[in-house]
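Peer 1: predicted model and sequence follow; I will ask about them next.
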Amino acid sequence: MQDAINKATALVEAHEYVRRFNGKAIVVKVGGSIMDQPGDLKSVVSDICFMSAVGMRPIIVHGGGKGITEAMKQAGLEAQFVQGRRYTDERTLAIAEHVLVNTINQQIAEFITELGHRPMRLHSLASCAVFGKRLFLEGDGGRRIDIGFVGEVDWVNADLLDAVTEANYIPVIAPIARDASGGKLNVNADSVAGHVAAAVKAEKLILISDTHGIRLSDDPDDLASHLTKQKIEGLIETGVIQAGMLPKVEASFTALGGGVAKAHIIDGRIKHSSLLEVYTGKGIGTEIVL
């Protein structure tokens, strides 16, 4: 009996948030080690389908860096990184596109279909919603560093995404962008998610990975539940935030600058973490605001 009462209590708490977010777009970026665990990935996708079922308009952006690295290894190629960015030649781009589009994007779409919802795969081999331009890094003395077919987001087709979600489809976006000449560019998935959230004026951006959120020190329990942009900038300057967390906070800043109310960094290994973040008062992970 108590278990049933607890479930009813949770539903009552969620009711307020279901009403508040009805009809609102939400962008969910899925990445990290859960991409390699079909059970964890399907659980995350199930939560996203629940959001759709109760009236939200979710959009999925996915990564796949580990899968790309493994596929490159099998092809006899060694991944090379420049300032944290994967150097991408033509062979690397072809492998990245195959892994992201034909494997990961397809798998997520199949999970959505199995759960009784309708996916819309948006990627470089069909209908593309994200367009970019070549990204050059800055080296010593202001020199420009070429890292191959790596891009940054230039434009997002928000009209297409709005039409798809309003028709009750769930967009699934792979982070390979098209450029102005029709070429293809490998783009950081966190960055794609931030730009997509800004373009569609999403209510929230949720970045799901294998980290609990932003830590304020080396202590694993020193987790920040709420941070402002100014506070995060200070943590970057002092070196507390670095490496793999930087693209996530930069994506959050992009989204917030585009009018998104909140960004969240959460751990997808925790069961129903995205629902706990959206539909409860306490939430989980780190919430970021301006």
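Peer 2: Sure, I can see it.
Peer 1: contact partners for the closest residue to residue 21 other than its chain neighbours?
Peer 2: Of all residues not flanking residue 21 in the chain, residue 56 sits nearest, at 5.3 Å (C-beta to C-beta, 6 or more residues apart in numbering). (C-beta placed from N, C-alpha, C; glycine too.) Contacts for residue 56 were tallied using C-beta atoms under 8 Å, 6 or more residues apart in numbering; they are 21, 22, 23, 24, 25, 26, 203, 278.
Peer 1: give me the pLDDT for residue 56.
Peer 2: Looking at residue 56, its pLDDT stands at 96.
Peer 1: give the contact list for the residue nearest to residue 152 when sequence neighbours are not counted.
Peer 2: Distance criterion C-beta to C-beta, 6+ apart; nearest residue to residue 152, sequence neighbours excluded, is residue 135 at 4.5 Å. Residue 135 makes contact with 85, 147, 150, 151, 152, 185 under the criterion C-beta under 8 Å, 6+ apart.
Peer 1: among those residues, which lie within strands?
Peer 2: In strands, defined here by DSSP state E, the members of the contacts of residue 135 are 85, 147, 150, 151, 152, 185.
Peer 1: read off the pLDDT value for the first one.
Peer 2: Here the pLDDT value assigned to residue 85 is 78.
Peer 1: if I look at it, how far off is residue 133?
Peer 2: As defined by C-beta to C-beta, to the nearest Å, residue 85 lies at a distance of 15 Å from residue 133.
Peer 1: neighbour count for these two, which is higher?
Peer 2: Using other C-beta atoms under 10 Å, the more surrounded residue of residue 85 and residue 133 is residue 85, with 17 against 14.
Peer 1: isn't that one up against residue 150?
Peer 2: Yes - counting by C-beta atoms under 8 Å, residue 150 is a contact partner of residue 85 at 5.8 Å.
Peer 1: what's the closest non-adjacent residue to residue 283?
Peer 2: Spatial nearest neighbour of residue 283, excluding adjacent residues (C-beta to C-beta, 6+ apart): residue 277 at 4.8 Å.
Peer 1: where's that neighbour, which helix or strand?
Peer 2: helix 273-279 (DSSP states H and E).
Peer 1: and that helix, how far out from the chain middle?
Peer 2: 15 Å (C-alpha atoms, centre = their mean, to the nearest Å).
Peer 1: for the nearest residue to residue 217 once chain neighbours are set aside, grab the count of nearby residues.
Peer 2: Nearest non-adjacent residue to residue 217, counting by C-beta to C-beta, 6+ apart: residue 240, 7.0 Å away. Around residue 240 sit 17 other residues, with neighbours defined as other C-beta under 10 Å.
Peer 1: which elements pack onto the helix holding residue 277?
Peer 2: Here helix 273-279 touches helix 2-20, helix 38-53, strand 204-209, strand 262-267, going by 3 or more C-beta pairs under 8 Å, 6 or more residues apart in numbering; DSSP states H and E.
Peer 1: so for the longest one, mean pLDDT?
Peer 2: When pLDDT is averaged over helix 2-20, the result is 74.
Peer 1: heading C-terminal from that helix, find the next helix or strand.
Peer 2: Scanning forward in sequence from helix 2-20 by DSSP H and E, the next helix or strand is strand 25-30.
Peer 1: and that following strand, what does it pack against?
Peer 2: helix 38-53, strand 57-62, helix 158-166, helix 189-199, strand 204-209.
Peer 1: could the C-alpha coordinates of the strand or helix carrying residue 233 be exported in PDB?
Peer 2: Using DSSP H and E, residue 233 maps to helix 229-237. Below are the C-alpha coordinates for helix 229-237, written out as PDB (Å, rounded to 0.1, in the frame of the first residue of the first chain):
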ATOM      1  CA  LYS A 229      26.900  32.000 -15.600                       C
ATOM      2  CA  GLN A 230      29.100  34.400 -13.700                       C
ATOM      3  CA  LYS A 231      30.000  31.800 -11.100                       C
ATOM      4  CA  ILE A 232      30.900  29.200 -13.800                       C
ATOM      5  CA  GLU A 233      33.100  31.800 -15.500                       C
ATOM      6  CA  GLY A 234      35.000  32.100 -12.200                       C
ATOM      7  CA  LEU A 235      35.300  28.400 -11.900                       C
ATOM      8  CA  ILE A 236      36.800  28.200 -15.400                       C
ATOM      9  CA  GLU A 237      39.300  30.900 -14.600                       C
END
